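**Q** structure here, sequence nowhere to be found:
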Ligand code: CO
């Protein structure tokens, strides 16, 4: 066995454990009976410990160092080694003591968050979150960073992203998008009451499956199930699981969670199997992953051409509900822009104000410029400032998201990055693919999927997010693509001058 083959087989074994944990996780969210939780936690912890030991193994480290000096590797092999060595060095920075402490604080913090959200009492959560933030600041020091401690944490979710880059993007959100939404708010409002009648769950499910098939989600290499919160996971590119949520009196929930997770799923199915377990077999970052889901969900799935292709069919499923709702009425109804309190229910435009507030808070926390007990006040003030909504309770305010209790700091910005990348990629796709809008109108999604496969999916982690964006679109991420997309679309919908 050559050194490179030996590296490949070590990484494949670590991946085997990782994907087995993913399978346990998928099962836990879909079919596991309640009583199974305790032993399941133990089983996952065992595998997780084994995977960690293997990934910090000294022999692996020596092998990686030797391989990184080899001159005869192909560019792809070189890139794999580079990324694996980075991962290895990063894992080695953590002491067992720190990992155990973080895991203990996380589980306490998560429990405190659940209780505190239920009772809408931030005080129960505050001491635990304070401990978590202290640990995260320590973690930034352990990892090391340039310029800003937040950069160290961002890098875990969005390699290469920095405060400098995000500050520019969110300044645009503050200055351009906030103004645009005020114009929309002053315009005549549209109606979406049709979406909240009773829609038979089985029929909804069947319609969702048809949408996934139309996107060319490969059901021989994946499946869809039901879960509380829709998600996508995979055990290899040949086995990708998406989930959805079907609510009887909310047609929107199933349709767009289905398309969103389908977009994530297509990315996973498009990663190269030949690079199983290696960086080149993995998605680039959360932001790029989210660009795939949001492009399908919003740029495609909330567009007029998409519903020209699918609306008649939906009407056939639900004739009594939709026969008097015209395509125009439906299209405007599924694209309401309305500032609201809850992030996960937000429309594609005001969504970014929710992220903006969280981004500002996370940065201040990392700088030590705000204390945890000041968060509710800051939150409420900024929801008023950016969204113009009054937060009545912490449960629907600062306590709404689980992320901080898991220790995920630097995660939220990847949601906005996803939408911004999506707009920029989709703009390029329309330039590259002749007649793309017409294809979509005819229900032919293959040209777009092939473009995504060619330009993005097949590369795995070969490029960084920034390099990929430059390679595909000719420039680095630029907010103007999202802004133009929003302006073009919503100026028509809301009849703005
Ligand atoms: Co997503």
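**A** Thanks, I have the structure now. The shown structure was predicted, so the numbers you read here are calculated from the model rather than taken from an experiment.

**Q** work out the gap between stretch 447-454 and the centre of the chain.
**A** In this view, stretch 447-454 has its centroid 20 Å away from the chain centroid, taken as Cα atoms, centre = their mean, to the nearest Å.

**Q** run through who's touching it.
**A** Defining contact as Cβ atoms under 8 Å, 6 or more residues apart in numbering, one finds that stretch 447-454 is touched by 215-216, 266-267, 270, 292, 295, 300, 425, 429, 432-433, 435-436, 439-440. (Glycine included, C-beta is placed from N, CA and C.)

**Q** widest-spaced pair of these?
**A** Farthest apart among the contacts of stretch 447-454 by Cβ to Cβ are 267 and 435. That separation is 23.9 Å.

**Q** quick one, which of the contacts of stretch 447-454 are buried?
**A** When the contacts of stretch 447-454 are checked for burial by 16 or more other Cβ atoms under 10 Å, the buried set is 215-216, 266-267, 270, 292, 295, 300, 425, 429, 436, 439-440.

**Q** Serialize these to a markdown table and add fields for secondary structure, distance to residue 337 and pLDDT.
**A** As requested, these are exported to a markdown table (DSSP: H, G, I helix; E, B strand; the rest coil; distance: Cβ to Cβ, whole Å; pLDDT from 0 to 100):
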| residue | secondary structure | distance to residue 337 | pLDDT |
| --- | --- | --- | --- |
| 215 | coil | 25 | 98 |
| 216 | coil | 30 | 98 |
| 266 | helix | 27 | 98 |
| 267 | helix | 27 | 98 |
| 270 | helix | 32 | 98 |
| 292 | helix | 23 | 98 |
| 295 | helix | 19 | 98 |
| 300 | helix | 18 | 98 |
| 425 | helix | 22 | 98 |
| 429 | helix | 24 | 98 |
| 436 | helix | 25 | 98 |
| 439 | helix | 27 | 98 |
| 440 | helix | 22 | 98 |
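
**Q** need these in JSON lines with distance to residue 163, can you?
**A** Shown next, in JSON lines, are these (distance: Cβ to Cβ, whole Å):
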{"residue": "215", "distance to residue 163": "36"}
{"residue": "216", "distance to residue 163": "38"}
{"residue": "266", "distance to residue 163": "31"}
{"residue": "267", "distance to residue 163": "27"}
{"residue": "270", "distance to residue 163": "31"}
{"residue": "292", "distance to residue 163": "25"}
{"residue": "295", "distance to residue 163": "26"}
{"residue": "300", "distance to residue 163": "32"}
{"residue": "425", "distance to residue 163": "24"}
{"residue": "429", "distance to residue 163": "30"}
{"residue": "436", "distance to residue 163": "35"}
{"residue": "439", "distance to residue 163": "40"}
{"residue": "440", "distance to residue 163": "37"}
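
**Q** which one of the residues you listed sits closest to residue 334?
**A** residue 300 (12.8 Å).

**Q** report the spatially nearest residue to that closest one, omitting neighbours in sequence.
**A** Nearest non-adjacent residue to residue 300, counting by Cβ to Cβ, 6 or more residues apart in numbering: residue 306, 5.4 Å away.

**Q** next, count neighbours for residue 390.
**A** The tally of other residues near residue 390 (other Cβ atoms under 10 Å) stands at 10.

**Q** and for residue 68?
**A** A total of 13 residues lie near residue 68 under the criterion other Cβ under 10 Å.

**Q** before we move on, what about the one 3 residues further on?
**A** When neighbours are counted by other Cβ under 10 Å, residue 71 registers 5.

**Q** give me the domain ranges for this structure.
**A** As given by automatic domain parsing, the domain ranges for the chain are 3-144, 163-493.

**Q** pick out whichever of the contacts of stretch 447-454 sits closest to residue 94.
**A** Closest to residue 94, out of all of the contacts of stretch 447-454 and judged by Cβ to Cβ, is residue 267, at 28.9 Å.

**Q** returning to that earlier point: give the buried residues for the helix or strand containing the residue nearest to residue 300.
**A** When secondary structure is defined by DSSP states H and E, residue 306 falls within helix 304-317. Buried residues in helix 304-317, counting neighbours by 16+ other Cβ under 10 Å, are found at 304, 305, 306, 307, 308, 309, 310, 311, 314, 317.

**Q** ok, those residues vs residue 79, which is closest?
**A** Each of the buried residues of helix 304-317 was scored against residue 79 by Cβ to Cβ, and residue 306 proved nearest at 35.8 Å.

**Q** quick check: that closest one vs residue 471, distance?
**A** 27 Å (Cβ to Cβ, to the nearest Å).

**Q** what does residue 16 give?
**A** Residue 16 is 32 Å from residue 471, by Cβ to Cβ.

**Q** which one's more surrounded, those two?
**A** Applying other Cβ under 10 Å to residue 16 and residue 471 shows that residue 16 carries more neighbours, namely 17 against 13.

**Q** centroid residue for the protein?
**A** The residue lying closest to the centre of the chain (Cα atoms, centre = their mean) is residue 290, at 4.2 Å.

**Q** where does it fall, secondary structure wise?
**A** Residue 290 belongs to helix 286-294 when assigned by DSSP H and E.

**Q** check which helices and strands that helix sits against.
**A** helix 251-270, helix 413-432, helix 465-473 (3 or more Cβ pairs under 8 Å, 6 or more residues apart in numbering; DSSP states H and E).

**Q** which elements pack onto the shortest one?
**A** Helix 465-473 is packed against helix 286-294, helix 413-432, with contacts defined by 3+ Cβ pairs under 8 Å, 6+ apart.

**Q** go again using 10 Å as the cut-off
**A** helix 286-294, helix 413-432, helix 446-455 (3 or more Cβ pairs under 10 Å, 6 or more residues apart in numbering; DSSP states H and E).

**Q** from the chain's centroid, how far away is the first one?
**A** Pointing back at helix 286-294 there. In terms of Cα atoms, centre = their mean, the centre of helix 286-294 is set 6 Å apart from its chain centre.

**Q** so how far is residue 270 from the residue nearest to the centre of the chain?
**A** Residue 290 is 15 Å from residue 270, by Cβ to Cβ.

**Q** residue 301: neighbour count?
**A** Residue 301, neighbours per other Cβ under 10 Å, totals 24.

**Q** typed the wrong thing, it's residue 201
**A** Residues contacting residue 201 under the criterion other Cβ under 10 Å number 13.

**Q** contact partners of the host helix or strand of residue 49?
**A** Element membership of residue 49, judged by DSSP H and E, is helix 37-55. Contacts to helix 37-55, defined as Cβ atoms under 10 Å, 6 or more residues apart in numbering, come from residues 10-11, 13-18, 20-22, 24-25, 27-28, 32, 36, 60-61, 84, 87-88, 90-92, 94, 96, 99, 103, 107.

**Q** of those residues, grab the buried ones for ChimeraX.
**A** Buried members of the contacts of helix 37-55, defined by 16+ other Cβ under 10 Å, are picked up in ChimeraX with:
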select :10,11,14,15,16,17,18,20,21,22,24,25,60,61,84,87,88,90,94
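
**Q** just to revisit the earlier point, which parts of the following helix or strand past the helix holding residue 49 are buried?
**A** Next in sequence after helix 37-55, counting helices and strands by DSSP H and E, comes helix 58-69. Using 16+ other Cβ under 10 Å as the test for burial, helix 58-69 gives 60, 61, 63, 64, 67.

**Q** the domains of the chain into TSV, with extra columns for distance to residue 157?
**A** Formatted as TSV, those follow (distance: least, Cβ to Cβ, whole Å):
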stretch	distance to residue 157
domain 3-144	13
domain 163-493	5
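
**Q** buried deepest among the ones you listed, which one?
**A** The highest mean neighbour count among these, using mean count of other Cβ atoms under 10 Å, belongs to domain 163-493: a mean of 19.

**Q** quote the end-to-end distance of that one.
**A** End-to-end distance for domain 163-493, by Cα to Cα, to the nearest Å: 34 Å.

**Q** gap between residue 100 and residue 24?
**A** In terms of Cβ to Cβ, residue 100 sits 21 Å off from residue 24.
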